[in-house]
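*Asks:* structure of the sequence below:
(chains A and B)
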There are 2 protein chains.
Amino acid sequence: MPRPEKHVFVCTQSRPAGHPRGSCGEKGCREVWEAFLDEMEQRQLFDKIAITNTGCLGPCSVGANVLVYPEGVMYGKVTAADVAEIFESHLVGDAPVTRLQLPAEVWG
Amino acid sequence: MPRPEKHVFVCTQSRPAGHPRGSCGEKGCREVWEAFLDEMEQRQLFDKIAITNTGCLGPCSVGANVLVYPEGVMYGKVTAADVAEIFESHLVGDAPVTRLQLPAEVWG
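*Replies:* Numbering: from 1, shown residues only, chains lettered A, B, ... in the order given. From the prediction side, this is the model:
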């Protein structure tokens, strides 16, 4: 496999209901993950973009979290409805979706 | 949380025995993951280094796989015994452990 130009990490961590930190699992992360897989399937960019599911990325309170390397852009409160825009603007167009980026005091 | 200088992604994917691609799960990835957590606990570098467990990173046949961003260095056949060296040389010293890096035809 080629080294990807963009590598997307999608938190798919669930925690039991009532856990003090909550989790991306209760904020729709499974749907976000599925939406990324669907976009990949449609666009067939397997030579340029990689998508990986992860455990906890840290900022659980503002999940669902998605992290893009090599630039290290962390997105928060991502929903499945945001995925096409992240794909088109950031992964293909190299322009991060600023409205979803976590502020510097959370990840910066 | 600060944006990490190094972000380590450790595959912790298991698959059923006999699966054609195998998995890092049958190659000691859980012990690798635990070893990274232990090193973090000892060194307390939480402001500079992040460690995240992941699903499949791709090169299952040469697992256990560990991937370090932002540089995108992919390691293969990592064992728990290698973790201190990866930590000291690469994560702290910024010198990747070349003997464990996957060759360009696999990841490059």
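*Asks:* quick check: residues of chain A near chain B?
*Replies:* Proximity of chain A to chain B is confined to A:1-4, A:7, A:9, A:12, A:50, A:52-59, A:67, A:69-72, A:74, A:106-108 under the rule CB under 8 Å from any CB of the partner chain. Any C-beta I mention is one placed from the backbone N, CA and C, and that applies to glycine too.
*Asks:* residue at max distance from the center of chain A?
*Replies:* Relative to the mean C-alpha coordinate of chain A, counting by CA atoms, centre = their mean, the farthest residue is A:G18 (23.5 Å).
*Asks:* got phi/psi on the residue nearest to the spatial centre of chain A?
*Replies:* The C-alpha lying nearest the average C-alpha coordinate of chain A belongs to A:V66 (CA atoms, centre = their mean; 2.1 Å). Note on A:V66: backbone dihedrals following degrees, to the nearest 10 are phi -140, psi 130.
*Asks:* that one: what's it in contact with?
*Replies:* A:V8, A:F9, A:V10, A:C11, A:V32, A:M74, A:Y75, A:V78, A:I86 (CB atoms under 8 Å, 6 or more residues apart in numbering or on different chains).
*Asks:* so which of those sit within helices?
*Replies:* With DSSP state H as the criterion, helices contain A:V32 from among those.
*Asks:* among the contacts of A:V66, name the ones in strands.
*Replies:* A:V8, A:F9, A:V10, A:C11, A:M74, A:Y75 (DSSP state E).
*Asks:* of those residues, keep whichever come out buried.
*Replies:* Buried positions within those, assessed by neighbour count (16 or more other CB atoms under 10 Å in any protein chain shown), are A:V8, A:F9, A:V10, A:C11, A:M74, A:Y75.
*Asks:* return the residues in contact with the third one.
*Replies:* Contact partners of A:V10, counting by CB under 8 Å, 6+ apart, are A:C29, A:V32, A:W33, A:F36, A:I51, A:T52, A:N53, A:T54, A:A64, A:N65, A:V66.
*Asks:* quick one: which of these is nearest B:C24?
*Replies:* Nearest to B:C24 among these, counting by CB to CB, is A:T52 at 12.5 Å.
*Asks:* packing partners of the helix or strand hosting that closest one?
*Replies:* In the assignment (DSSP states H and E), A:T52 maps to strand A:49-54. Judged by 3 or more CB pairs under 8 Å, 6 or more residues apart in numbering or on different chains; DSSP states H and E, strand A:49-54 is in contact with strand A:6-11, helix A:29-43, strand B:49-54.
*Asks:* out of the ones you listed, nearest to A:H90?
*Replies:* Once those are compared by CB to CB, strand A:6-11 is nearest, at 7.5 Å.
*Asks:* each with direction, which strands does the closest one pair with?
*Replies:* strand A:49-54 (parallel), strand A:66-69 (antiparallel) (DSSP bridges).
*Asks:* from those, which stretch is densest packed?
*Replies:* strand A:66-69 (a mean of 24; mean count of other CB atoms under 10 Å in any protein chain shown).
*Asks:* residue ranges with poor pLDDT in chain A?
*Replies:* Scanning chain A for pLDDT under 70 picks out no residues.
*Asks:* OK, contacts around A:M74?
*Replies:* A:L57, A:P59, A:N65, A:V66, A:L67, A:Q101, A:L102, A:V106, A:W107, B:R3.
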